[in-house]
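*Asks:* This is a predicted model, with the sequence first.
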Amino acid sequence: MASGVDSTVGGLNGVMARAPWRAGSIFLLAILGLSLLGIGIQAASDPTLFAQITLNGLTLAGLYFIVASGFTLIFGLMRVVNMAHGSFYMLGGIIAYLVQERMLNPDPTSFALPEATVTSFVVPLVVSMLSIALLGVVIQQVFLRWNQGQELRQALITIAISIIIADQAVAHFGGIAKEISVPVRKSIELPIVGMFGTMRLVMLLVAILVGVGLLLIISRTRFGMIVRAGVDDRHMVSALGVNIQRVFAAAFFLGALLAGLAGVLGGAVNSVNKSDDGKFLLISLVIVIVGGMGSLTGAAVGAVLLGLIDSYSDVYLPDAVTNYGVLLTFFLLVFVLAVRPYGLFGRAA
Amino acid sequence: MIPARLHWPIGAVVVVVAALLPIVMSDFTVSQILTRSLILGIAAASLIFLASLGGWVSLAQIGLYGVAGFAVGNLAQADGGVKVFAMDMWLAALLAIIVTVVIGLIIGVVASRSEGIYFLMITLAFGVIIRLLFEKATDLSGFGGINQIIQPEVLGSAQLQPERIYWVCLVISVLVYLGVRYFARTPFGLAFQGIRDNAARMKALGYNVTLIRTIAFGIGAFVAALAGVLNVWWNTQISPGTIDIRPVIFLLMIAIIGGLYRIEGAWVGALIYVILDNRLRSIDLVGERVATALGIIFLLIVLLSPGGVMGILESLSSRWRRSDEPDQPAGDGDGTAAAVVAGD
Amino acid sequence: MNVRDKRWGWLSAGLLIIIIGIVAAACGGSDSSSSSAADTAAADTAAADTAAAAGEKKIVMGFLSNCEGPFGPFWDATLAGYYTALVQFAGATPVDPADPKAGVTGAMVPGTDVAIELNTNYGCSDDKADKALSEAKRLVEQEGVNILIGPLSGDEGIAVANYAKTQPDVTFLNGISGAQDTTLKVQAPNFFRFFSDGAQWTAGLGAYAYNVLGWRNAVTIGDDYSFPYTQTAGFVSEFCSLGGKIDERIWPALGETDYSSYIAKLPDNVDGFFLDVGGTGTVQFVNQFTEVNGNDSLQGKVMGGAFISNPAIIKELGAKVEGVVAGSALPSDATDANWTAYSDAIKAAYPEMVGNAANIFLAGYYNNAQAAILGLQAVGGNIDDAAAFQAALAGVEIATGVGPVTVDANRNAVGPNYVVEVNAMGTKTLFTVEGVDQSFGGAFSADTPNPDRDNPECVAGNPPPWAASITK
């Protein structure tokens, strides 16, 4: 029977040889080159616009990175694809908004919203981050701890949780997007760029701090050492007698905490919106697939790529095809997966 | 579970009874419960096909189903589609299936290099991107969705003659079922299952693993496309919401209810899901929070029974039967995909 | 673990039994409730011979809105609008004034003793056309509804209106879906809309921009989907008919949450912007716009559609939108008898909803449910002849709430619209535009292209009849 298969399938072997891949890569590289050229020309014609858009893209990438770093941390260590990660993001914003609303206690008859003070921003931020982190640990302990290694099943469990959270958010959180108010001036004047949102810059700064902090944790602490070892070889780590369960719980705590943080920042810069869960799950997935699962550097590179694609395609694509901008994300995925099936910085499991 | 010699007679009885149902059931039940179950069943079959034989759980199937639906809407005469083609419905359906298979092959070629959970994530990303594309590219999806998609004349009107489209869906369901069973026994199908069990060994034996997988993914896309075309014939409209993340998750739920490793589970799961969706609302406690209730049921099933309903039936009957039957015929993919769910 | 593990087999069998039990209970439950409803109706009929004489067909009214998806949070408001009309006009009593979901009892066709049976297996969609369609089918074909109020959003409306054509014996009244096509193009003889469409909600704005603000050229920005196309169409058509020019129409993709790049590329050399970024996007857009252009940058420079005049959004944006002029289907600051009667009715039926009088979702369902009751009154509660009932409905005039409203030959509302200014109290009505019809004085018809990214074209001449009345 095997020989029969050989004659039907084996004969087609040549079709999938290197040549078409290479041709495809060249084609995609050519598209990339052309679009860079196009952006270059546009940039030269209006440098202020270009600077603004680039900074927009980078600040957006900051937000993406904070979300995706939590996702990739959990995945890298535990092989858990947390499909509820987008829900964590959304809930983070909602909780912070609700806490802040209570603290500011706006007068229902008055028009103007009270301005947030440092306290009335930081307290909701911390409360929200900790609640989400706790929620993450509870989900991990109750639903995921006992089926370690059953990757698909764990993903399905988190999918089910995300459906429930999304529906409950619709039931209990209003339909209008809400804004978390911040204790800083709305915008500042930057050279070349002009007026630019302060919170967006703060968001980028926080993202950089998160990145540096995670790198330090991973390279300097015992926890980080275990995480690094776990990404390379989970079985060996547990065989060495490390209390891997505690590390797993800590990783889930940190990953969910980051999703909550991103939710609050996103809620302050854009808005708190109950349909953000799917969007940020997709963003996390794409970033982590492109960057490589479990890689922090990969998450940063993926976030910057996605952020820049988002903001350039909004402005630089010809009007007729603006709406096809999402295809760029599609091509990015196809291209990266074709060249590196495990992502730019990923390795086979 | 059931002795092998009884498979054919039982199957035939089920199909005959199903074919006669429109005589006793109301138009509403035929159209909104039975036909809908069959169409979702075919879509779920495309997922279970890949899961049982390939060990892959694909979340791109609803996306592909949507590609076929939108392609029909744009190629044939419909309100909101690109009207320039205005093709004959059969030609439009054929081309729509071809387009879907081509896109399926493109996704397959990159996705087939990955496995397990990576495959799930990658196909989910592609599925969502397809939805975003149709949501944003209103040239292709109409400004209010594509409406009044005309059915082939022989089907009459889905509204007035719901039994006709039902029978078509039934015939296609039977063909898909038999086709998948047959495929599993062909040399190609066996090679595909061999790759699921041990890709490295198959590679060493000289098989082109990527090619076989890509083609299998294309076959999955073909089955999803059939469901997509039937869906727009039945529903006469499609909008980007049709392929939102929710339907993606609920199709997965159907496949899980049915058990990821038995192709007939697709229709069992679809029927259970459709009835739940139709009936849960009438329970006071649930009310308008049907999605929460479905989420909880989904969660319980995944927590308690990775084999789904078919797994439950099987484990029950294996208790009663003990071991007087040899195991399932070879090539059935029995149990292996459940192992995918249950982990290694 | 292994699926063949006996322990799990039994557990899951138990689960399966529970699920089947729930479903069976649900089927049984709904059967018993419908049969008890039938019993009650039978008892009523037996008690009152006149009712039996009035009509053989029982009146079953159904409700279709969104309880999931982006508009899910407006579920209670739409229910409150629907039931408030039944309380006010059909003499019903709320079961629980704190919870519209609980329904009402004792609804009768006014002036008769014919009962209106209210189906409480509500249709619940999620802003998706196919969900609305399947829910409409469930209500009509399974629940036996013969008057359906709904749906909520544009695409849903088009799908349901198309479906209405296949069910001539059922009468459909729109909820609050605003697509022009629903009535202008589909023209189902049994689909009525007693609340204006999305384009009508911007009537008067083009004239205000041209005549009062003195704009000569403008740029429109709106989400890239049918509702903003429709709203923008109203503005563009009117503004251009007076001689205004549209320099550019910008359509950020739907679902965008970061508008900063679009804002960066807005041109400087225009007189103003018509802003119709909506749903959840309004808050983001305005915040990001003021980030770049300063806090008071919107006044005089930006006009908006129904999104900006929405009280909930005004509350969210506060001082940033103060002074912005927008179109609105509702005069939230009105003090006339019609409006007072309407807001008093809400207060009487659902005290907690009283702040929602200017909520368009509530008002739309209220108007259409009210029309249904008045139509039933006109035929004395006899709907045996659906065509006669529909003919009577076509002659109904609504007074309270947003009124007076009648319907045109396509069964679409003809009524007032308001040019409002956002202020600390919510909105202040600047102009009341009377008798706004769907066609804008002939600019839109069944033969004109659907509103989309480039349509309607910007053409001078033939301004709508109300344009001349809006001056400084």
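*Replies:* Done, it's in.
*Asks:* measure whatever residue of the stretch 251-400 of chain C ends up closest to chain B to residue A:329 for me?
*Replies:* With C-beta to the nearest C-beta, the shortest gap between the stretch 251-400 of chain C and chain B falls at residue C:253, namely 4.3 Å. Yep, even glycine has a C-beta here, placed from its N, CA and C like the rest. Computed as C-beta to C-beta, to the nearest Å, the residue C:253 to residue A:329 distance reads 12 Å.
*Asks:* With residue C:65 instead?
*Replies:* 34 Å.
*Asks:* Show me which of the two is the more surrounded one.
*Replies:* Set residue C:65 next to residue A:329 and count neighbours by other C-beta atoms under 10 Å in any protein chain shown: residue C:65 wins out with 32 against 23.
*Asks:* so what's residue C:352 up against?
*Replies:* For residue C:352, the contact set (C-beta atoms under 8 Å, 6 or more residues apart in numbering or on different chains) comprises C:97, C:98.
*Asks:* what about residue C:220, is that helix, strand or coil?
*Replies:* The local conformation at residue C:220, judged by DSSP: H, G, I helix; E, B strand; the rest coil, is strand.
*Asks:* Would you check that it makes contact with residue C:247?
*Replies:* No - judged on C-beta atoms under 8 Å, residue C:220 makes no contact with residue C:247 at a distance of 9.2 Å.
*Asks:* residues in contact with residue B:111?
*Replies:* With C-beta under 8 Å, 6+ apart, residue B:111 has these contacts: A:337, B:58, B:60, B:119, B:122, B:123, B:126, B:217.
*Asks:* Ok, residue A:31 next?
*Replies:* Counted by C-beta under 8 Å, 6+ apart, residue A:31 has contacts residue A:331.
*Asks:* Just the pLDDT at residue B:122, thanks.
*Replies:* On pLDDT, residue B:122 comes in at 89.
*Asks:* Phi first, then psi, for it.
*Replies:* Dihedral angles of residue B:122 (phi, psi; degrees, to the nearest 10) stand at phi -70, psi -40.
*Asks:* Give the closest residue to it in space, chain neighbours not counted.
*Replies:* residue B:111 (5.0 Å; C-beta to C-beta, 6 or more residues apart in numbering or on different chains).
*Asks:* Report pLDDT for the one you found.
*Replies:* Reported pLDDT for residue B:111: 88.
*Asks:* again with residue B:262
*Replies:* pLDDT at residue B:262 comes out at 85.
*Asks:* just residue A:343 next, same as before
*Replies:* On the pLDDT scale, residue A:343 gets 87.
*Asks:* Turn the contacts of residue B:111 into CSV, columns for secondary structure and neighbour count.
*Replies:* Output for the contacts of residue B:111, formatted as CSV (DSSP: H, G, I helix; E, B strand; the rest coil; neighbours: other C-beta atoms under 10 Å in any protein chain shown):
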residue, secondary structure, neighbour count
A:337, helix, 23
B:58, coil, 32
B:60, coil, 32
B:119, helix, 24
B:122, helix, 25
B:123, helix, 26
B:126, helix, 26
B:217, helix, 28
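*Asks:* got a markdown table for these, with distance to residue C:183 too?
*Replies:* Listed next are these as a markdown table, based on distance: C-beta to C-beta, whole Å:
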| residue | distance to residue C:183 |
| --- | --- |
| A:337 | 48 |
| B:58 | 42 |
| B:60 | 38 |
| B:119 | 47 |
| B:122 | 45 |
| B:123 | 41 |
| B:126 | 39 |
| B:217 | 45 |
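*Asks:* For chain C, state which of those residues is nearest.
*Replies:* residue B:126 (17.6 Å).
*Asks:* for the closest one, what are its contacts?
*Replies:* Contacts of residue B:126 (C-beta under 8 Å, 6+ apart): A:330, A:333, B:60, B:63, B:107, B:111.
*Asks:* swap in residue C:449?
*Replies:* Here residue C:449 is in contact with C:455, C:456 (criterion: C-beta under 8 Å, 6+ apart).
*Asks:* run the last query once more with 10 Å
*Replies:* With contacts taken as C-beta atoms under 10 Å, 6 or more residues apart in numbering or on different chains, residue C:449 has the following neighbours: C:233, C:455, C:456, C:457.
*Asks:* same question, residue A:317
*Replies:* Residue A:317 touches A:35, A:38, A:323, A:324, A:325, A:327, A:328, counting by C-beta under 10 Å, 6+ apart.
*Asks:* just for the stretch 201-349 of chain A, where's the confidence low?
*Replies:* Across the stretch 201-349 of chain A, the ranges flagged by pLDDT under 70 are A:231, A:234, A:348-349.
*Asks:* how much space between the residue nearest to residue B:87 when sequence neighbours are not counted and chain A?
*Replies:* Spatial nearest neighbour of residue B:87, chain neighbours left out: residue B:75 (4.9 Å); criterion: C-beta to C-beta, 6+ apart. As judged by C-beta to the nearest C-beta, to the nearest Å, residue B:75 and chain A stand 19 Å apart.
*Asks:* One more: residue C:90?
*Replies:* For residue C:90, the distance to chain A - C-beta to the nearest C-beta - is 28 Å.
*Asks:* Also residue B:207?
*Replies:* 6 Å.
*Asks:* and the most centrally placed residue in chain C, what pLDDT?
*Replies:* Centroid check for chain C by C-alpha atoms, centre = their mean gives residue C:176 as the closest residue, at 1.1 Å. Note on residue C:176: pLDDT of 94.
*Asks:* what's near enough to touch it?
*Replies:* Residue C:176 neighbours (C-beta under 10 Å, 6+ apart): C:65-66, C:71, C:74, C:77-78, C:81, C:150-154, C:157, C:193, C:195, C:329, C:359-368.
*Asks:* still on that earlier bit, now rank the contacts of residue C:449 by neighbours and give me the top one.
*Replies:* Neighbour max across the contacts of residue C:449 (other C-beta under 10 Å) = residue C:233, 27 neighbours.
*Asks:* just checking, that one touches residue C:444?
*Replies:* Yes - when contacts are counted by C-beta atoms under 10 Å, residue C:233 is listed as touching residue C:444 (7.4 Å).
*Asks:* Report pLDDT for the residue of chain A found nearest chain B.
*Replies:* With C-beta to the nearest C-beta as the measure, residue A:150 is the residue of chain A nearest to chain B, at 2.9 Å. pLDDT for residue A:150: 85.
*Asks:* Please identify every residue contacting each of residue C:233 and residue C:444.
*Replies:* C:180, C:197, C:199, C:450, C:451, C:455, C:456.
*Asks:* and of the residues you listed, the nearest to chain B?
*Replies:* residue C:450 (5.8 Å).
*Asks:* How many residues are close by the residue nearest to residue B:87?
*Replies:* With other C-beta under 10 Å as criterion, residue B:75 counts 23.
*Asks:* My read is that it contacts residue B:95, right?
*Replies:* Yes - under the criterion of C-beta under 10 Å, residue B:75 makes contact with residue B:95 at 5.7 Å.
*Asks:* tell me, what's touching those two both at once?
*Replies:* The contact lists of residue B:75 and residue B:95 share B:85, B:87, where a contact means C-beta under 10 Å, 6+ apart.
*Asks:* list the buried ones in the lengthiest helix in chain A?
*Replies:* Counting by DSSP state H, the longest helix found in chain A is helix A:47-78. Counting neighbours by 16 or more other C-beta atoms under 10 Å in any protein chain shown, one finds that the buried residues in helix A:47-78 are A:49-78.
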